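Visitor: Build the 3D model from these lines:
(one chain, ligands or ions: 1)
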Amino acid sequence: MTPDSDSPTVPGPTLGVVGGGQLGRMLAEAAAPLGVDVVVLDPTPDCPASVAADQILGAFDDPDGVAELAARCDVLTYEIELADPDLLDTVSEREDVPVHPSPDTLRVIEDKLDQKRTFAEAGVPVPELRRVDTVADLEAAVEAFDGVMLKARRGGYDGRGNVPVPDVDDATDALDSIGGAAMAEAFVDFDRELSVIGVVGSDEVRTFPVGENVHEEEILRETVVPARTAPAVADRAEAVAHDVLDLLDGRGVYGIELFEVDGEILVNEVAPRPHNSGHWTIEGASTSQFEQHVRAVLGWPLGSTRRRSNTVSANVLGTVDSPRDARLVNVDAVLSAPGAALHWYGKHEVRPLRKMGHVTVVGDATPGDGDGQNEEEDIDSLLRRARDVRDRLDFH
Ligand code: ADP
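Guide: Numbering: from 1, shown residues only. The predicted model follows:
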C-alpha cells in the first residue's frame, strides 16, 4: 500500500515540551506507546519528566534552551504558563517549528486580567472583575462587589497569588502581599467547582465528561467524575467550555475551571495544557488527556473522550511541616485497594502542600452495561474510598 503523506508514522515525530514537571512526565509516558519521543526543557536536574523524556537543563525562558529544544524537535508545546510566548514565537519562526497551543493563546492566558476580559468581551460568563493598581482601586472594588478575591495577574498557582479581601480595612495589607499588578474579582459564593477538559484537534473539538473539583485552601484535593450536578448544569458547562475553546488559537488540551452558582456557570480560569482535574482520564477515560494532547499538537486524529466508569482522583500533597527528602510510606494502602492506582511524580523533596502524586480509584461497572447507572458504584462511596486510601499514605 502507498503511504499517505498525512498519515502518522511510528516511530513518529519528536515533541519538545517547555517544562518537565508532573504534567511533562505523564505527557512523556503517554507519548512513548505512540512512538513519539519527548524532550523537555526544565531547570531542575533529574526533573519528574526525565524518567520518560530527554532533558535539556535550563530555565523555561532561557533563549538558548528554547532554541536547542526547537532544534531537536518537530513540534513544540508547553506544560507550564511560565513559558515565554515572545521567545516561543521568535524561535518557532526561526527554526520553522510549530508551537501548539499558539503563543498568542499563552500570552492572553498568562495574564489573568487579559484572560478574563477576553472572555467577558466575547460574552462568556465570568465573575465581575476590575483592574487594580492602587489601594483606592481595591477599596472601590471591595465596596462595589461586597468583598473580592484579589489575584496577582501573573504567576499565581494553587491559590498562591490570591487573597480574599472581605473588607476595605484589609485592602492595604492585601495589595502589599500581592506586590505587583493585580485584579479584583467579585467573591463568588459558588455551589460547587466544575471543570471541563477540552481537546482541540486539526478539525474537531472534543470534551471529556464534566468533573467536579473539591478544593481546600484553594488547592485541588479531589476530582469526581461524573460531577454531582444536574444534567442541565453539566450541559451548560460543556457549552461554555466550547465557547471558550472557540476563542483560543492552537491545538492541544485545555483545562477549563468553572464555578456553578445557582444553576449558572461562570468561568474561573483556563489552562492551555493538560490539567490536574483531568488526571482521572488516565484510568477513567478511553484516551487520557495526555495522549490527547500528544495527538492534538501533532495534528493526529483524536481519541475517544468517553468515560469508562465512575472515577475519582485524589491528590497526594506534602503533609509535612518543613521541606525534606521525599519518601512515601504505607503505599500498600493503594496497591491492595481494588480499582486504585498510584501516580508518584518523582519529586526529590517534599514540601508543605506540594503536589507529590495522586491516587485514582475507578468504580466497578462500565456505564451503559446492563441497567447502567444502578450498576455503577455510587460516586459518594467512591470518593470516600479514594480519600481513605490517599489519607493512609504518609511521608516518612
Ligand atoms: P490558581 O491559578 O492559583 O489555581 P484560581 O484563580 O484558580 O487560582 O483560584 C484557586 C481557587 O480559589 C479556586 O479554585 C476557588 O476555590 C478559589 N477562588 C478563585 N477565585 C474565586 C472567586 N472569585 N470567588 C471565590 N473563590 C475563588
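
Visitor: How about the residue of the stretch 251-396 of the chain found nearest the ligand, nearest residue that isn't a chain neighbour?
Guide: Residue nearest to the ligand within the stretch 251-396 of the chain: residue 269 (4.2 Å; C-beta to the nearest ligand atom). (Each C-beta comes from the backbone N, C-alpha and C, glycine too.) Nearest residue to residue 269 in three dimensions, chain neighbours excluded: residue 257, at 4.6 Å (C-beta to C-beta, 6 or more residues apart in numbering).

Visitor: State the number of residues packed around the one you found.
Guide: Neighbour count of residue 257, defined by other C-beta atoms under 10 Å: 21.

Visitor: can you check residue 93 too?
Guide: 11.

Visitor: And for residue 295?
Guide: Neighbour number of residue 295 under other C-beta under 10 Å is 25.

Visitor: what's in contact with stretch 389-396?
Guide: 314-316, 318-320, 324, 326-331, 333-334, 337, 340, 350, 356, 359, 361 (C-beta atoms under 8 Å, 6 or more residues apart in numbering).

Visitor: Helices - which of the residues you listed land there?
Guide: 333-334 (DSSP state H).

Visitor: Can you flag the buried ones in the contacts of stretch 389-396?
Guide: Among the contacts of stretch 389-396, the ones that count as buried by 16 or more other C-beta atoms under 10 Å are 314-316, 318, 320, 326, 328, 333-334, 337, 340, 350, 356, 359, 361.

Visitor: Okay, strands next: where are they in the stretch 1-150 of the chain?
Guide: Using DSSP state E, counting those that start in this stretch, the strands found in the stretch 1-150 of the chain span residues 14-18, 37-42, 54-57, 75-78, 129-132, 148-152.

Visitor: One more: the stretch 201-350 of the chain?
Guide: Using DSSP E, counting those that start in this stretch, the strands of the stretch 201-350 of the chain run over 205-207, 211-216, 219-225, 252-261, 264-271, 311-317, 324-325, 328-329, 340-344, 349-350.

Visitor: Comparing the ones you listed, which stretch has the densest surroundings?
Guide: With neighbours defined as mean count of other C-beta atoms under 10 Å, these peak in mean count at strand 311-317, which reaches a mean of 26.

Visitor: Pull the number of nearby residues for the nearest residue to residue 71 once chain neighbours are set aside.
Guide: Excluding the flanking residues, the one nearest residue 71 by C-beta to C-beta, 6+ apart is residue 95, at 6.1 Å. Neighbours of residue 95 under the rule other C-beta under 10 Å: 17.

Visitor: For residue 95, report the pLDDT, please.
Guide: Listed pLDDT for residue 95 reads 94.

Visitor: before we move on, the earlier item: quick check: which of the strands of the stretch 201-350 of the chain is nearest to residue 136?
Guide: Across the strands of the stretch 201-350 of the chain, residue 136 has its closest neighbour in strand 264-271 (26.3 Å, C-beta to C-beta).

Visitor: Pairing partners for that closest one, with directions?
Guide: strand 252-261 (antiparallel) (DSSP bridges).

Visitor: before we move on, the earlier item: identify the bridge partners of the residue nearest to residue 269.
Guide: Beta-bridge partners, per DSSP bridges, of residue 257: residue 195, residue 269.

Visitor: model confidence over the top helix by length along the chain, on average?
Guide: Longest helix in the chain by number of residues (criterion: DSSP H): helix 231-247. Here helix 231-247 scores 98 as its mean pLDDT.

Visitor: which helices and strands sit right next to that helix?
Guide: helix 112-121, strand 192-200, strand 205-207, strand 252-261, strand 264-271 (3 or more C-beta pairs under 8 Å, 6 or more residues apart in numbering; DSSP states H and E).
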